[in-house]
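[1] Next comes the sequence, and after it the predicted model I'd like to discuss.
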Amino acid sequence: MNTLRVTGGRVLRPDGRVTESDVLVDRGAGTIVAVGGETAGANETAGVKASESTDRTAEADETLDADGGLVIPGLVNAHTHVAMTLLRGYADDKPLDPWLREDIWPAEAKLTPEDIEVGAELGVLEMIRSGTTAFADMYFAMDRVADAVDRAGVRARLGHGVVTVGKDAEDARADVEESLEVARQLDGAADGRIRSAFMPHSLTTVSEEYLREGVAEARETGVPIHLHANETTDEVDPIVDERGERPIAYAEDLDALGPNDFFAHGVHVDDSEIDRLADAGTAVVHCPASNMKLASGMAPVQRLREAGVTVALGTDGAASNNDLDVFDEMRDAAMLGKLAADDAAAVPAEAVVEMATAGGADALGLPGGRIEPGAAADLAVVGLDAPHLTPVHDPISHLAYAAHGSDVRHTVCDGEVLMRDREVLTLDADAVRERASAAAADLVERVGDGG
Ligand SMILES: N[C@@H](CCSC[C@H]1O[C@@H](n2cnc3c(=O)[nH]cnc32)[C@H](O)[C@@H]1O)C(=O)O
Ligand SMILES: [Zn+2]
């Protein structure tokens with residue numbers, strides 16, 4: 001067995017305990033085989049000698065020094081538009097609708113597939129550097145996003161975002177078809193690290209007939225559904241006015257509310273909708289920074305969790321955040337969750353850490369999210385020796401409230417080391433940054449020219 005040993009650190013376990021343990025990884029299988037003395041079932045550990053798993057000085061093919069650090073599951077960014085890194089800081093300080101219509105969509109109309117690949121590389125680079133190993137992406141030119149994911153070594157659930165409003169029947173149907181085709185093509189790519197989904201943009205930007213057709217085909221294909229839901233009141237009110245039902249009831253009526261589906265935002269959901277989400281097993285991806293920046297509102301995260309809804313965290317695109325650092329999202333989720341519930345005990349540190357790890361993996365239906373024998377070897381090592389992390393009364397408190405993505409020392413996905421001592425091994429960071437800056441400058445010029 002070809003092994004990786006993460007040595008000398010403390011490990012965040014799925015039950016919230018923190019233990020001093022080494023983590024032994026089977027690089028070939030991409031799985032964790034032992035945490036301290038704990039190993040997986042007999043079959044899975046056939047190749048591990050007892051001494052190999054428990055002896056902290058045993059030889060491994062590769063080691064990662066976690067001394068003074070905390071080994072955590074790789075973080076999951078469960079809703080983003082990764083290539084929007086090119087539009088970071090391009091248009092700020094506007095509500096969702098005019099922001100999309102006046103600034104973002106006109107700029108996106110000029111994006112080339114090459115731009116999207118460069119923007120995706122930049123975003124994935126940023127995510128690896130902040131300990132994120134898996135993400136969900138809704139955008140276009142998804143084959144180019146998939147290429148970036150493949151090269152970088154992370155995991156993703158990818159889909160082509162469909163918008164039909166303002167399009168004629170032919171264009172609208174073509175957009176739906178493209179999303180289904182992309183979902184069929186990309187599922188299982190990059191040695192299985194890429195999975196896919198059918199991704200209508202939202203229940204108001206895709207009209208009913210296309211939603212019905214697309215969802216039915218997605219069900220036949222067996223891919224999940226991801227869309228923006230109940231993000232702003234502007235998105236809820238027209239559905240209530242026209243249909244006399246709330247958006248989540250409409251989604252159910254469309255057969256779009258299934259146990260493998262995951263909806264972004266869920267800001268303006270009432271109790272009846274929370275119950276529907278919980279009964280259906282549909283996950284909600286909370287995007288606190290985007291919700292604050294676009295003044296969309298405060299999601300009822302505490303009530304969603306109490307009702308039993310799986311809640312994950314997402315950054316949304318870099319143009320409404322403006323970074324892809326899931327540590328920031330944990331802190332924002334905890335802070336905003338308390339404000340929304342008017343209760344400082346709501347959405348505590350352990351809740352946001354769970355949302356950023358196991359909750360994210362469960363929402364996306366991807367491996368990872370837990371450091372335990374048999375789980376995928378997706379992890380990050382966070383240095384706890386910085387002044388802003390001293391003293392360490394409670395490492396989980398630090399993850400939620402004090403740490404930043406820049407405190408991550410190493411990142412591992414599928415058993416491969418993607419970043420060692422803050423050097424990303426799978427992408428050339430300087431070249432990616434240069435290409436992205438040039439592509440963004442060129443894009444802005446094309447938008448200005450109107451050509
Ligand atoms: N095929 C579509 C593209 C949809 S991709 C997903 C879209 O979501 C947009 N987006 C980014 N952030 C948000 C958000 O917070 N709410 C709604 N849409 C967003 C993003 O800019 C992108 O246009 C088309 O031809 O227009
Ligand atoms: Zn979004």
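    Thanks, I have the structure now. Ligands and ions are numbered 1, 2, ... in the order given.

[2] Closest approach to ligand 1 from this protein, which residue is it?
    Gly161 (2.6 Å; CB to the nearest ligand atom). For the C-beta atoms, the positions are set from N, CA and C on the backbone; glycine is no exception.

[3] how near is that residue to His265?
    14 Å (CB to CB, to the nearest Å).

[4] quick one, which of the two is more surrounded?
    His265 (27 against 23; other CB atoms under 10 Å).

[5] Give me the pLDDT value at the more buried one.
    His265 is assigned 98 on the pLDDT scale.

[6] check contacts around it.
    79, 228-231, 284-287, 290-291, 296, 299 (CB atoms under 8 Å, 6 or more residues apart in numbering).

[7] residues from this protein in reach of ligand 1?
    81, 96, 100, 104, 108, 138-140, 161-163, 175, 201, 228, 231, 290, 316-317, 320 (CB under 6 Å from any ligand atom).

[8] Among these, which lie within strands?
    If you go by DSSP state E, the residues of the chain next to ligand 1 have Met138, Tyr139, Gly161, Val162, His228 in strands.

[9] Contacts only, for the residue nearest to Leu364 when sequence neighbours are not counted.
    Distances taken as CB to CB, 6 or more residues apart in numbering place Arg157 nearest to Leu364, at 4.8 Å, with adjacent residues excluded. By CB under 8 Å, 6+ apart, the contact list for Arg157 reads 134-137, 194-197, 224, 226, 364-366.

[10] where's Arg157, which helix or strand?
    strand 155-162 (DSSP states H and E).

[11] partners of that strand, with directions?
    Next to strand 155-162 in the sheet, as set by DSSP bridges, lie strand 132-139 (parallel), strand 194-196 (parallel), strand 199-200 (parallel).

[12] Throw those into JSON lines and include mean neighbour count, thanks.
    Formatted as JSON lines, the strands paired with strand 155-162 follow (neighbours: other CB atoms under 10 Å):
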{"stretch": "strand 132-139", "mean neighbour count": "29"}
{"stretch": "strand 194-196", "mean neighbour count": "24"}
{"stretch": "strand 199-200", "mean neighbour count": "29"}
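
[13] Dump those into TSV; add mean pLDDT as well.
    TSV is the format used below for these (pLDDT from 0 to 100):
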stretch	mean pLDDT
strand 132-139	99
strand 194-196	98
strand 199-200	98
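
[14] if we compare the ones you listed, which one ends up closest to Pro395?
    strand 132-139 (18.6 Å; CB to CB).

[15] Now the element after the worst-scoring helix or strand of the chain on mean pLDDT, going C-ward?
    The least trusted helix or strand in the chain, going by mean pLDDT, DSSP states H and E, turns out to be helix 50-54, with a mean of 53. The C-terminal neighbour of helix 50-54 among helices and strands, as given by DSSP H and E, is strand 62-65.

[16] Which positions within stretch 218-231 qualify as buried?
    Ala218, Val223, Pro224, Ile225, His226, Leu227, His228, Ala229, Asn230, Glu231 (16 or more other CB atoms under 10 Å).

[17] May I have the distance across that stretch, first residue to last?
    23 Å (CA to CA, to the nearest Å).

[18] And stretch 402-410, by the same measure?
    Chord length of stretch 402-410, first to last residue, is 18 Å (CA to CA).

[19] what residues does that stretch touch?
    6, 64, 66, 69, 126, 129-132, 323, 325-328, 380-384, 386, 388-389, 417, 419-422.

[20] Please check those and keep the buried ones.
    6, 64, 66, 69, 126, 129-132, 323, 325-328, 380-384, 389, 417, 419-420.

[21] so how many other residues sit close to Gln185?
    Going by other CB under 10 Å, the residues that sit close to Gln185 add up to 13.

[22] Actually, Glu59.
    9.

[23] Now do the same contact list for Ala141.
    Ala83, Leu111, Pro113, Ile116, Glu117.

[24] Any chance of a markdown table for these, columns neighbour count, pLDDT and secondary structure?
    Formatted as a markdown table, the contacts of Ala141 follow (neighbours: other CB atoms under 10 Å; pLDDT from 0 to 100; DSSP: H, G, I helix; E, B strand; the rest coil):
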| residue | neighbour count | pLDDT | secondary structure |
| --- | --- | --- | --- |
| Ala83 | 31 | 98 | helix |
| Leu111 | 21 | 98 | coil |
| Pro113 | 15 | 98 | helix |
| Ile116 | 26 | 98 | helix |
| Glu117 | 21 | 98 | helix |
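
[25] Check the buried residues of stretch 218-231 against Ala346 and report the nearest one.
    Using CB to CB, the buried residues of stretch 218-231 come closest to Ala346 at Asn230, 19.6 Å.

[26] And the closest one, its phi and psi?
    phi 50, psi 40 (degrees, to the nearest 10).

[27] so the residue lying closest to it once chain neighbours are set aside, which of the three states?
    Leaving aside its chain neighbours, Asn230 sits nearest to His268 (4.7 Å; criterion: CB to CB, 6+ apart). At His268, secondary structure determined by DSSP: H, G, I helix; E, B strand; the rest coil is coil.

[28] Report all helices and strands that the strand or helix carrying Asp279 contacts.
    Secondary structure assigned from DSSP H and E places Asp279 in helix 271-280. Secondary-structure packing of helix 271-280 (3 or more CB pairs under 8 Å, 6 or more residues apart in numbering; DSSP states H and E): helix 247-253, helix 301-307.

[29] How far does that helix sit from its chain's centre?
    22 Å (CA atoms, centre = their mean, to the nearest Å).

[30] Just the C-alpha atoms of that helix, please, in CSV.
    Presented in CSV, the C-alpha positions along helix 271-280 are these (Å, rounded to 0.1, in the frame of the first residue of the first chain):
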residue,chain,number,x,y,z
ASP,A,271,-42.3,27.4,8.6
SER,A,272,-44.4,25.4,6.1
GLU,A,273,-41.5,25.5,3.7
ILE,A,274,-39.0,24.5,6.3
ASP,A,275,-41.2,21.5,7.1
ARG,A,276,-41.4,20.6,3.4
LEU,A,277,-37.6,20.8,3.1
ALA,A,278,-37.1,18.6,6.1
ASP,A,279,-39.6,16.0,5.0
ALA,A,280,-38.2,15.8,1.5
